[in-house]
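Asker: One predicted model, sequence on top.
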Amino acid sequence: MQRRTSKQAHWLSLAIVGALVVAACGSDDEGGSSSAPESTVEPTPVDSTADTVEPVDTVGDTVPVETVAREFEPTTLTMWGAVTDQEGIDAFMPILDKCEADNPWLTIDYVGKDDMATALAAAVEAEEPPDLVQSDFSGNLAAIEAGGLLVPVDELAARDGVDWGAFVPAGVKLVEFNGQRYGLPFSLDSVGLFYNQDILSTAGIDSPPETFEELLAAAGQLLVTNDDGSIERVGFVPDVGDGSYALYMTDMFGATLYSDDGATITITDTLDQWVEALQWQKEFYSLVDTDEFTRWADGLGSYDSADNFFIAGQLPLYFEGSYFVTWPERFGNGQPENWGVVPMPGPQGVDADNAASLIPSGNWFMIPTGVNDVEASWAATKCMALASDEIAAFQEVWGNVPANIAALDQFEEVTVAKIPEFQTFIDLARSTAARVPGSSVVGGALGDELTSLILDYRRGDISDEDLRGELEDLAARYQDELDLELGN
């Protein structure tokens, strides 16, 4: 579906987090360079109908030169996104409307894409890319760089005086890889510990856990099994058994996957932390019989419904992203009644550096390599990323946290009054200690295999004695593969 006179738009969900972009795509001489064409980075782009931005110093950038306004011909840009539900369309529409109103030369056609990673790589390779992309490639920028799929925006941003301080630190980190930035931040998905206080109270727990010890004790107190051994309620597990947060939770222990440049697998460098993290996860699954837990997890209701395990009271302590704050009202018709969100306790409990730091994913605006007019795409990108009022209103519906600080301030003022539980996620997103996923061109395959290893260990298929060796072997195999990919 396209957005033309109907003014419809699509929005990208978190469904493609971690999807691997094929590195080989778009590497030919005429469309594969990861930098903007030289002729487009002249000091002349900004819409003559908009106010010229005064140059400012930007973190890690040279002082930008003064820009000269450019006269744009009437231009239609195609923008790719991935969500087509009507609620998302209606909420996202004002962002595009604003940019078209502020730039009379501009029309944006919005096209939905179900598999953004694969579609973008194929389009760049075919030299038929969209003019704009709004997506989530968290942890995937190494493949983006290797494939030459996106235009780095550092020169453009420095030239035009874009202030990176206008975005929360985690938002900037999400678009950075190996010394370059690949777009402007849009939203973040911070994570926290949801709790159902009514159920906690029935087990004699007055408040949500603040330490690992309290969390493990609560998991045992909240567990309910039937006479036949079947499980009725699980207190807490790192995830419901599919490994969704298996890797994210190792971050709390300082376990790392890659070096900053994505060229080295660092599992063996932080092997003690990996072992500690996985042993901690296993403690919670050891509270229940493996087969009964599997039957319990397989019998849970639909995730996005009133039968969701947290809404239905089957998992009263649950680790999840910010968007989930809207679900008790959206799907549960106000159930559970007495719930909240707190930072996830880390190995040292809850503190600013430890708890307010994990940002597993986020969305941003970006420009594919090989577009017809980088300057027009850049003008639209800036407008959308800085449309603070419209971004705040959109996130009130969608439930992620704005990366734009002005939008975040407005979002906080309006949304917290309606849903106080959002405050935890806003505080997490603001943290200067925020950490985001690392990236490597072997990241997709390594992540999948490592998650499988963790699940095998949880089930007892890998012993404590063999865990270190299994991790070392995995790291060595993928380092060899990575060296081949990088030509080392």
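Answerer: Perfect, thanks for sending it. These figures come from a predicted structure and were not determined experimentally.

Asker: where exactly do the strands run in the protein?
Answerer: Counting by DSSP state E, the chain has strands at residues 75-81, 106-112, 132-135, 176-177, 180-181, 184-189, 191-196, 224-225, 231-233, 317-321, 339-342, 361-366, 401-402.

Asker: Which other helices and strands does the third one contact?
Answerer: In terms of contacts (3 or more Cβ pairs under 8 Å, 6 or more residues apart in numbering; DSSP states H and E), strand 132-135 is packed against strand 75-81, helix 116-125, strand 361-366, helix 374-385. In this view, the C-beta of every residue, glycine as well, is placed from N, C-alpha and C.

Asker: Mind doing that once more with 6 Å?
Answerer: If you count contacts as 3 or more Cβ pairs under 6 Å, 6 or more residues apart in numbering; DSSP states H and E, strand 132-135 packs onto strand 75-81.

Asker: now the angle from the strand it packs on to helix 116-125?
Answerer: 140 degrees (axes from the mean of the first three to the mean of the last three Cα atoms, to 10 degrees).

Asker: Can you say which of the strands of the chain is nearest to Asp448?
Answerer: Evaluated over those, closeness to Asp448 peaks at strand 361-366, with 16.6 Å, by Cβ to Cβ.

Asker: possible to save the strands of the chain as a markdown table with distance to Pro209?
Answerer: Output for the strands of the chain, formatted as a markdown table (distance: least, Cβ to Cβ, whole Å):
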| stretch | distance to Pro209 |
| --- | --- |
| strand 75-81 | 38 |
| strand 106-112 | 41 |
| strand 132-135 | 35 |
| strand 176-177 | 34 |
| strand 180-181 | 38 |
| strand 184-189 | 22 |
| strand 191-196 | 8 |
| strand 224-225 | 18 |
| strand 231-233 | 16 |
| strand 317-321 | 7 |
| strand 339-342 | 8 |
| strand 361-366 | 25 |
| strand 401-402 | 23 |
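
Asker: Which stretch among those approaches Arg459 most closely?
Answerer: Using Cβ to Cβ, these put strand 231-233 closest to Arg459, at 15.4 Å.

Asker: For that closest one, which strands pair with it and how are they oriented?
Answerer: The strands beside strand 231-233 in its sheet (DSSP bridges) come out as strand 224-225 (antiparallel).

Asker: May I see the strands of the chain organised as JSON lines, with mean neighbour count, mean pLDDT and distance to Cys99 added?
Answerer: Listed next are those as JSON lines, based on neighbours: other Cβ atoms under 10 Å; pLDDT from 0 to 100; distance: least, Cβ to Cβ, whole Å:
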{"stretch": "strand 75-81", "mean neighbour count": "20", "mean pLDDT": "93", "distance to Cys99": "10"}
{"stretch": "strand 106-112", "mean neighbour count": "21", "mean pLDDT": "91", "distance to Cys99": "6"}
{"stretch": "strand 132-135", "mean neighbour count": "27", "mean pLDDT": "93", "distance to Cys99": "10"}
{"stretch": "strand 176-177", "mean neighbour count": "21", "mean pLDDT": "95", "distance to Cys99": "24"}
{"stretch": "strand 180-181", "mean neighbour count": "20", "mean pLDDT": "96", "distance to Cys99": "21"}
{"stretch": "strand 184-189", "mean neighbour count": "28", "mean pLDDT": "94", "distance to Cys99": "13"}
{"stretch": "strand 191-196", "mean neighbour count": "24", "mean pLDDT": "95", "distance to Cys99": "31"}
{"stretch": "strand 224-225", "mean neighbour count": "14", "mean pLDDT": "96", "distance to Cys99": "52"}
{"stretch": "strand 231-233", "mean neighbour count": "16", "mean pLDDT": "97", "distance to Cys99": "48"}
{"stretch": "strand 317-321", "mean neighbour count": "21", "mean pLDDT": "94", "distance to Cys99": "27"}
{"stretch": "strand 339-342", "mean neighbour count": "20", "mean pLDDT": "95", "distance to Cys99": "33"}
{"stretch": "strand 361-366", "mean neighbour count": "26", "mean pLDDT": "93", "distance to Cys99": "11"}
{"stretch": "strand 401-402", "mean neighbour count": "29", "mean pLDDT": "95", "distance to Cys99": "16"}
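
Asker: Quick one: closest of the ones you listed to Asp160.
Answerer: For those, distance to Asp160 was read as Cβ to Cβ. The smallest value, 11.2 Å, belongs to strand 184-189.

Asker: quick check: angle from that closest one to strand 361-366?
Answerer: Strand 184-189 and strand 361-366 meet at an angle of 160 degrees, taking the same axes, to 10 degrees as the criterion.

Asker: For the closest residue to Tyr195 other than its chain neighbours, give me the pLDDT.
Answerer: Leaving aside its chain neighbours, Tyr195 sits nearest to Pro208 (4.2 Å; criterion: Cβ to Cβ, 6 or more residues apart in numbering). For Pro208, the pLDDT comes out at 96.

Asker: how far away is Val436 from Glu292?
Answerer: For Val436, the distance to Glu292 (Cβ to Cβ, to the nearest Å) stands at 36 Å.

Asker: ok, back up a step: give me the phi and psi angles of the residue nearest to Tyr195.
Answerer: Main-chain torsions, Pro208, degrees, to the nearest 10: phi -60, psi 150.

Asker: Look up how far Val234 lies from it.
Answerer: Applying Cβ to Cβ to Pro208 and Val234 gives a distance of 16 Å.
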